[in-house]
Each structure stands twice: as structure tokens, then as C-alpha cells.
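> Here's my sequence, what's the structure:
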Amino acid sequence: MTAIRMFLLVMSALVASGIYLSGYNSVHWLLYIPAIGLAFAGITGTCPSIMLFKKLGFK
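Numbering: from 1, shown residues only. You can find the predicted model right below:
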């Protein structure tokens, strides 16, 4: 496990714990997207947002 993947997993856990502490019913659905994206990037090693920005033409 590299440091960046561990960082992504920790950030995902922090966002998820914030969602948990504020209550699942009172949190807007948009807040789940970064938590899921960070967890996906930490587990697989590929970041969905980087892939999206590369397809949009950014280097």
C-alpha cells in the first residue's frame, strides 16, 4: 500500500464518519460522491476524477 492510497482511504473514512455523525437522513446525496470516489481510488489505485479530467482535455 502506497502513501497516496492510504491517504485516500483515510480521507474517505473522514468524510464517511462526518456523514455518519450528522445523520444519514440530513445529509445531501451529493456528499456521498466524494466518499465513494475516494474509497474507490484508495482500493483500486485509479482515481475517477483524474480519468474524467483527462477525457475533458486536461493534462
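
> And the residue most central in space within the chain, its phi and psi?
Residue closest to the average C-alpha location in the chain (CA atoms, centre = their mean): Leu38, at 2.1 Å. Backbone geometry at Leu38, expressed as degrees, to the nearest 10, gives phi -70, psi -40.

> what's the burial count for the closest residue in space to it that isn't next to it in sequence?
Closest residue to Leu38 apart from its sequence neighbours, by CB to CB, 6 or more residues apart in numbering: Ser12 at 3.7 Å. Just so you know, the C-beta spots here come from the backbone N, C-alpha and C atoms, and that holds for glycine as well. Counted by other CB atoms under 10 Å, the residues lying close to Ser12 total 20.

> do the same with Leu9
By the criterion of other CB under 10 Å, Leu9 has 16 neighbours.

> Can you name the residues in contact with the longest helix seen in the chain?
Using DSSP state H to define each element, the chain has its longest helix at helix 3-22. Residues outside helix 3-22 that contact it (CB atoms under 8 Å, 6 or more residues apart in numbering) are 27, 31-32, 34-36, 38-39, 41-43, 45, 47.
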